[in-house]
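K.L.:
Got a predicted model here, sequence first, then my questions.
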Amino acid sequence: MTLSPLIHGYHALTWALQPLAPRLLTRRLAAGKEDPARWTEKLGQPTAARPDGPLLWLHAASVGEALSTFELLRRLMEQRPGLSILLTTGTRTSAELVAARAPAGVIHQFAPLDTPVAVTAFLTHWRPDLVLWTESELWPRQLTRLRRAGVPVILINARLSRRSFAKWSWAPLAARAVLRCFKRVMAQDDDTARHIARLGISRRSIEVTGSLKEGAAPLPHDDLERKRLAAVFGGRPLWCAASTHAGEEEIVARAHATARRGLPGLTLILAPRHPERGDALAAMLRADGFVVAQRGKGEVPDRETEVYLADTLGEMGLWYRLAPVSFIGGSLVEVGGHNPFEPATLGSAILHGPHVANFADGYARLGAAGAALCVETADALADRLAHALRPSTAAEMAAAAWDVSSDGAATTDRVLDVILTELEARLT
């Protein structure tokens, strides 16, 4: 295969910087950003044995990407019980969630750094028969090595935003060299398919399947805890602000204060995207005059609580089940929004801001169905919140959200069919 000068330069740079990799990781280890028992996995040093027989490697960079694949992996293991599955991610948080939620039998490792020694050691040990890559984190050395070795790689749940496409367009030869490492591309939406085709990939190898996040299994929860908290809140009107980012909580707080004037007892469950911001958010909310219970500190809400600060990980399934209306963060600031199908599958009506490029098609379909409402200001959020909290409105929006999210099962079905067909061809 022919590589562009930029990819050759990238390979040379990663070779030259390779001696610095252990030092970088030990610094991250000292800062608590790496797992003390497993950080060497990123250098290609495995902490698990490769099972005998065929092995599928799936790489999912983020927590959301990993979660979106669990239903697919569960069904794949049912259909091919002799298949071993290796799942790689990049962060400690993702590793913790994989350990808690991934289907039994899935092997988790941290993805190797894209350096020569790490990639060689990783591929020599694991020897994958088929590789699945999710969304848009592409590592040139790993992908080119797999292509040279003749290992088929499929890009599933592919997403390429307009901004990312513009960046790739500055280096079309490099983009083409990397993307041509994929035997097939299964895109989330038409825009992604067009962008990838314009970068030089044959349209025949691209298929629009939709987002796996639509077909993911409902988020788990502790039902005893749900019942306990439901009793604590005692029928008060509830809403959730989920996955919020800096700059959004102030807007949410103002909207909550406004909405409470017309809805006595209204309680906000605030679940920030990054729980480590919990202490700062609690201080801000208390300075604004709210009565706050902070879950991360073990504080228990009572009848006086106005904001329950859910600064924990892995409990979104609980909050979406408790709240009939959820505002999805990352959408009032230019983050691009977060997955709307997690609340949709659990019967929570959806509010969001205008910045939803990461899930544009999903939000558009939910909006067209009457399942989601867009807001841009604190006053608009308060107004739409009061509207959505009416029992009849919340029920209608939740039913519409369920109808749209149910369509996502077809995406999982199609991706599963492609994987099974490729495995059959590869292993026979």
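P.N.:
Ah, there it is. Numbers count the residues shown, from 1 in each chain.

K.L.:
Can you classify the residue most central in space within the chain as helix, strand or coil?
P.N.:
For the chain, residue 64 is the residue whose C-alpha lies nearest the centre (C-alpha atoms, centre = their mean; 1.5 Å). With DSSP: H, G, I helix; E, B strand; the rest coil as the basis, residue 64 sits in helix.

K.L.:
And the pLDDT at it?
P.N.:
Note on residue 64: pLDDT of 79.

K.L.:
Which residue comes closest to it once chain neighbours are left out?
P.N.:
Distance criterion C-beta to C-beta, 6 or more residues apart in numbering; nearest residue to residue 64, sequence neighbours excluded, is residue 339 at 5.9 Å. C-beta: built from backbone N, CA, C; applies to glycine.

K.L.:
mind listing what that neighbour touches?
P.N.:
64, 68, 213, 328, 359, 362 (C-beta atoms under 8 Å, 6 or more residues apart in numbering).

K.L.:
And residue 125, by the same measure?
P.N.:
44, 46, 50.

K.L.:
can you put the residues you listed in CSV and add secondary structure and pLDDT?
P.N.:
As requested, these are exported to CSV (DSSP: H, G, I helix; E, B strand; the rest coil; pLDDT from 0 to 100):
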residue, secondary structure, pLDDT
44, coil, 95
46, coil, 96
50, coil, 97
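
K.L.:
out of those, who has the most neighbours?
P.N.:
Neighbour counts for the contacts of residue 125 peak at residue 44, which has 23 neighbours (criterion: other C-beta atoms under 10 Å).

K.L.:
The residue nearest to it when sequence neighbours are not counted and residue 89, how far apart?
P.N.:
If the residues on either side of it in the chain are set aside, residue 44 comes closest to residue 121, at 3.1 Å by C-beta to C-beta, 6+ apart. Residue 121 is 18 Å from residue 89, where distance means C-beta to C-beta, to the nearest Å.

K.L.:
again with residue 144
P.N.:
In terms of C-beta to C-beta, residue 144 sits 21 Å off from residue 89.

K.L.:
Repeat that for residue 247.
P.N.:
27 Å.

K.L.:
from memory residue 172 sits against residue 200, does it?
P.N.:
Yes. The pair residue 172 and residue 200 passes the contact test of C-beta atoms under 8 Å, sitting 6.7 Å apart.

K.L.:
before we move on, the earlier item: pick the one among the contacts of residue 125 closest to residue 151.
P.N.:
The shortest approach to residue 151 among these belongs to residue 50, at 14.4 Å (C-beta to C-beta).

K.L.:
Quick one: residues contacting the closest one.
P.N.:
Counting by C-beta under 8 Å, 6+ apart, residue 50 has contacts 84, 125, 126, 127.

K.L.:
Return the subset of the contacts of residue 339 lying in strands.
P.N.:
residue 328 (DSSP state E).

K.L.:
and the contacts of residue 339, which two are the farthest apart?
P.N.:
68 and 328 (15.6 Å).

K.L.:
ok, what's across the strand from residue 133?
P.N.:
Applying DSSP bridges to residue 133 gives these bridge partners: residue 59, residue 155.

K.L.:
Confirm for me that it is in contact with residue 155.
P.N.:
Yes. With contact defined as C-beta under 8 Å, residue 133 counts as touching residue 155 (5.0 Å).

K.L.:
Please give the element, helix or strand, for residue 230.
P.N.:
Take DSSP states H and E as the rule and residue 230 turns out to sit in helix 223-233.

K.L.:
hang on, residue 160 packs against residue 194?
P.N.:
No. Applying C-beta under 8 Å as the test, residue 160 and residue 194 come out as separate, 9.2 Å apart.

K.L.:
Among those two, which residue is more densely surrounded?
P.N.:
Per other C-beta under 10 Å, whichever of residue 160 and residue 194 has more neighbours is residue 160, with 26 against 16.

K.L.:
give the contact list for residue 171.
P.N.:
By C-beta under 8 Å, 6+ apart, the contact set of residue 171 is 4, 6.

K.L.:
Quick check, pLDDT for it.
P.N.:
For residue 171, pLDDT reads 84.

K.L.:
How about residue 154?
P.N.:
97.

K.L.:
Settle this for me: it is touching residue 131, isn't it.
P.N.:
Yes. The pair residue 154 / residue 131 is scored as a contact, 7.3 Å apart, by C-beta under 8 Å.

K.L.:
Between those two, which has more neighbouring residues?
P.N.:
Neighbours were tallied for residue 154 and for residue 131 using other C-beta under 10 Å; the higher tally belongs to residue 131 (24 against 21).

K.L.:
give me phi/psi at that one?
P.N.:
phi -120, psi 130 (degrees, to the nearest 10).

K.L.:
How much space separates the closest residue to it other than its chain neighbours from residue 115?
P.N.:
Excluding the flanking residues, the one nearest residue 131 by C-beta to C-beta, 6+ apart is residue 153, at 4.4 Å. In this structure, residue 153 and residue 115 are 19 Å apart, going by C-beta to C-beta.

K.L.:
for residue 415, same thing?
P.N.:
Residue 415 is 31 Å from residue 115, by C-beta to C-beta.

K.L.:
can you check residue 255 too?
P.N.:
Here residue 255 is placed at a distance of 47 Å from residue 115 (C-beta to C-beta).

K.L.:
Give me the more crowded residue out of those two.
P.N.:
The neighbour comparison of residue 255 against residue 115 (other C-beta under 10 Å) goes to residue 255, with 26 against 23.

K.L.:
Thought residue 385 was touching that one, still the case?
P.N.:
Yes. Residue 255 is within contact range of residue 385, at 6.4 Å (criterion: C-beta under 8 Å).

K.L.:
can I get the contacts of residue 125 in TSV with distance to residue 269?
P.N.:
Supplementary listing: the contacts of residue 125 in TSV, determined by distance: C-beta to C-beta, whole Å:
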residue	distance to residue 269
44	42
46	40
50	43
